[in-house]
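*Asks:* just to be clear, the model below is a prediction. Sequence and coordinates:
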Amino acid sequence: MLNPNLDDIQLNKEEYERYSRHIILPEVGLEGQKRLKTASVLCIGTGGLGSPLLLYLAATGIGRIGIVDFDIVDSSNLQRQIIHGTSWVGKPKIESAKNRILEINPACRVDLYQTRISSENAMQIMEPYDVIIDGTDNFPTRYLTNDACVLLGKPNVYGSIFRFEGQATVFNYEDGPNYRDLYPEPPPPGMVPSCAEGGVLGVLCGIIGTIQATEAIKIILGQGNTLSGRLLLYNALDMKFRELKLRPNPERPVIEKLIDYEQFCGIPQAKAAEEQQRMAMSEMNVRELKQLLDSNTNDFVLIDVRNPNEYEIAKIPGSVLVPLPEIEQGPGVEKVKELLNGHRLIAHCKMGGRSAKALGILKENGIDGTNVVGGITAWSREVDSSVPEY
C-alpha cells in the first residue's frame with residue numbers, strides 16, 4: 001500500500017534514534033519514515049543483487065521484506081553476495097539473508113519463500129507486496145516477474161550484471177514501460193553467457209543492487225525522479241554512467257496471463273537439442289580420462305576450450321589450450337587439425353558444456369571427438385582435489 005493512512009502509525013524512541021538521519025531530511029521526514037515502516041518489498045533472489053539491496057532496505061526501515069530463493073550458499077557466492085557469510089555455506093540462502101537482516105534491524109518482518117518462483121505461485125507470492133525487486137539472473141524468471149507485475153499493477157525494480165557492466169531501471173510504474181518494451185523477445189538460449197561462465201566483478205553487484213534499493217525507497221516515499229523510462233547503464237572499468245530512453249511500445253502484445261516462460265525462452269527446445277547432440281557424441285568421464293593419461297598412450301590429443309585466464313587457474317596435465325571463441329571464429333579449427341595429425345581428439349572445459357559446443361563445431365568441419373563429462377570441475381572433485389575449483 002504505497003499511500004497508507006499514517007495517522008495511527010507511531011515511531012518509538014529507539015526508532016527515532018535509529019532513523020534520525022532520515023527524519024531530519026525534509027524529503028523524508030517523520031511521514032516518510034512512517035511510509036517506509038508500513039511498506040512491503042519483495043526481493044526475488046538473494047544473490048549478487050539481492051544481497052546488498054536487502055541489507056540497505058532493512059537498514060532503511062522497510063517494515064516487511066519478502067525473499068524468494070531456493071538455492072543454498074556456496075563458497076563461490078561469497079565474492080559478491082555480501083549478505084551471506086562463511087558459516088552459512090551449504091545452508092539455505094533465505095535463512096542466511098533473514099539472519100543478517102534481523103541483525104541489522106530486529107523490527108523488520110521477514111517472509112521467506114524457499115521455492116522457485118513460477119507461473120503457478122508468482123501471483124500469490126507477489127500480491128501482498130508494494131514493490132517487487134528483480135534480483136534474478138535468467139530470462140525466464142525476468143519475463144515471469146515482469147508479466148506478474150503488469151497483471152498485479154506492481155512496480156518492478158530491475159537490475160542485471162555481467163563482468164564489469166550493469167544496468168538498472170524501473171518497469172511498470174506510473175504508466176511507464178515494462179521489460180517487454182526493452183526486450184520484446186528473449187535471446188536464443190546460450191547466447192548470453194552466465195556469470196559462472198563469463199565472471200562478474202564483485203563490487204559491481206553492490207553498485208547496481210544499491211541503485212535498485214534507492215529506486216524502491218524513492219517509489220515508497222514518492223520523492224525524486226525514478227528510472228522509469230530510463231535505462232541506466234554502468235561500466236565499472238571506465239567508471240562511466242549513461243542512459244537510454246525507454247518508451248512503451250504501442251504495438252506490444254497485451255499481457256493477459258502468465259505463460260510457460262521456459263518454453264517462451266526456448267529452454268526445453270535447447271535442452272532437447274543438447275541432449276540429442278550429447279547422445280550422438282562420444283563421451284568419457286574423468287576417471288576414464290585419468291586411466292587413459294596414466295596408460296602413457298600417445299594416440300590422442302586433449303584440448304581445453306576454456307578461456308586463457310581459466311587455464312591459468314587450473315589445468316589437466318597434458319592438455320592443450322584452444323579457446324572456444326577461436327574455434328567459433330575459425331582459426332581454432334585449423335589449430336586442432338594441426339594438433340591431431342592422425343590422433344583422436346578429446347575435449348574438456350569447466351563442466352562439459354563449452355567442450356560439447358566446440359566438438360559440435362569441429363564435427364561440422366569433419367573432426368570427430370570425445371567430450372569429457374563434468375570437465376575440470378569433475379576432475380577436481382573425483383580425481384585430483386589439489387586442482388582448484390572456481
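*Replies:* Nice, thanks for sending it over.

*Asks:* so where's the chain shaky on pLDDT?
*Replies:* Counting by pLDDT under 70, the ranges of the chain that qualify are 1.

*Asks:* give me the most central residue, it.
*Replies:* In the chain, the centroid-proximal residue (CA atoms, centre = their mean) is D137; its distance is 2.4 Å.

*Asks:* contacting residues for that residue?
*Replies:* Contacts here follow CB atoms under 8 Å, 6 or more residues apart in numbering; on that basis D137 touches 45, 47-48, 160, 194-195. (Glycine included, C-beta is placed from N, CA and C.)

*Asks:* number of nearby residues for P388?
*Replies:* Neighbour count for P388, taken as other CB atoms under 10 Å: 9.

*Asks:* tell me who's in contact with it.
*Replies:* Applying CB under 8 Å, 6+ apart, we find P388 in contact with 313-314, 380.

*Asks:* secondary structure and neighbour count added to the residues you listed, as CSV?
*Replies:* Listed next are the contacts of P388 as CSV, based on DSSP: H, G, I helix; E, B strand; the rest coil; neighbours: other CB atoms under 10 Å:
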residue, secondary structure, neighbour count
I313, helix, 14
A314, coil, 19
S380, helix, 19
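
*Asks:* what are the structural domain limits within the chain?
*Replies:* With domains defined by automatic domain parsing, the chain comprises 39-269, 281-382.

*Asks:* distance between the ends of the shortest one?
*Replies:* With CA to CA, to the nearest Å applied, domain 281-382 spans 22 Å between its terminal residues.

*Asks:* picking that back up, adding distance to R21, write the domains of the chain out as a markdown table.
*Replies:* As requested, those are exported to a markdown table (distance: least, CB to CB, whole Å):
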| stretch | distance to R21 |
| --- | --- |
| domain 39-269 | 11 |
| domain 281-382 | 43 |
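
*Asks:* and which of the contacts of P388 is nearest N307?
*Replies:* Using CB to CB, I313 is the member of the contacts of P388 that lies nearest N307, at 9.9 Å.

*Asks:* the closest residue in space to the closest one that isn't next to it in sequence and D137, how far apart?
*Replies:* Residue nearest to I313 in three dimensions, not counting chain neighbours: Y390, with 5.3 Å by CB to CB, 6 or more residues apart in numbering. The gap separating Y390 from D137 is 18 Å, by CB to CB, to the nearest Å.

*Asks:* over to N249?
*Replies:* Taking CB to CB as the measure, N249 falls 25 Å from D137.

*Asks:* ok, now V110?
*Replies:* 22 Å.

*Asks:* now swap in I346 and tell me
*Replies:* From I346 to D137 the distance is 32 Å (CB to CB).

*Asks:* equivalent analysis for H348, please.
*Replies:* According to CB to CB, H348 and D137 sit 25 Å apart.

*Asks:* repeat that for V320.
*Replies:* Taking CB to CB, one finds V320 at 32 Å from D137.

*Asks:* do G366 as well
*Replies:* Taking CB to CB, one finds G366 at 37 Å from D137.

*Asks:* please apply the same query to L233.
*Replies:* Computed as CB to CB, the L233 to D137 distance reads 18 Å.

*Asks:* in the stretch 151-300 of the chain, which spans are strands?
*Replies:* 156-162, 165-171, 230-235, 240-245, 282-284, 300-304 (DSSP state E, counting those that start in this stretch).

*Asks:* touching the first one from outside, list them.
*Replies:* What that stands for is strand 156-162. Residues contacting strand 156-162 (CB under 8 Å, 6+ apart): 48-49, 131-135, 137, 142, 145-146, 149, 166-173, 178-179, 192-193, 195, 198, 200, 204-205, 208-209, 211-212, 215-216, 219.

*Asks:* of these, grab the buried ones for PyMOL.
*Replies:* Here is the PyMOL command that selects the buried residues among those (16 or more other CB atoms under 10 Å):
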select buried, resi 48+49+131+132+133+134+135+137+142+145+146+149+166+167+168+169+170+171+172+173+178+179+195+200+204+205+208+209+211+212+215+216+219
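
*Asks:* is it true that V387 touches Y311?
*Replies:* No - using CB atoms under 8 Å, V387 makes no contact with Y311, being 12.0 Å away.

*Asks:* contacting residues for K154?
*Replies:* By CB under 8 Å, 6+ apart, the contact set of K154 is 126, 129-132, 148, 172.

*Asks:* mind doing that once more with 6 Å?
*Replies:* I132 (CB atoms under 6 Å, 6 or more residues apart in numbering).

*Asks:* buried sites along the one helix or strand I65 maps to?
*Replies:* Per DSSP states H and E, I65 falls inside strand 64-68. Buried residues in strand 64-68, counted by 16+ other CB under 10 Å: 64-68.

*Asks:* repeat for stretch 24-41
*Replies:* 28, 30, 32-41.

*Asks:* now swap in stretch 73-91 and tell me
*Replies:* Using 16+ other CB under 10 Å as the test for burial, stretch 73-91 gives 73, 77-78, 80-84, 88.

*Asks:* with stretch 104-111 instead?
*Replies:* 105, 108, 110-111.
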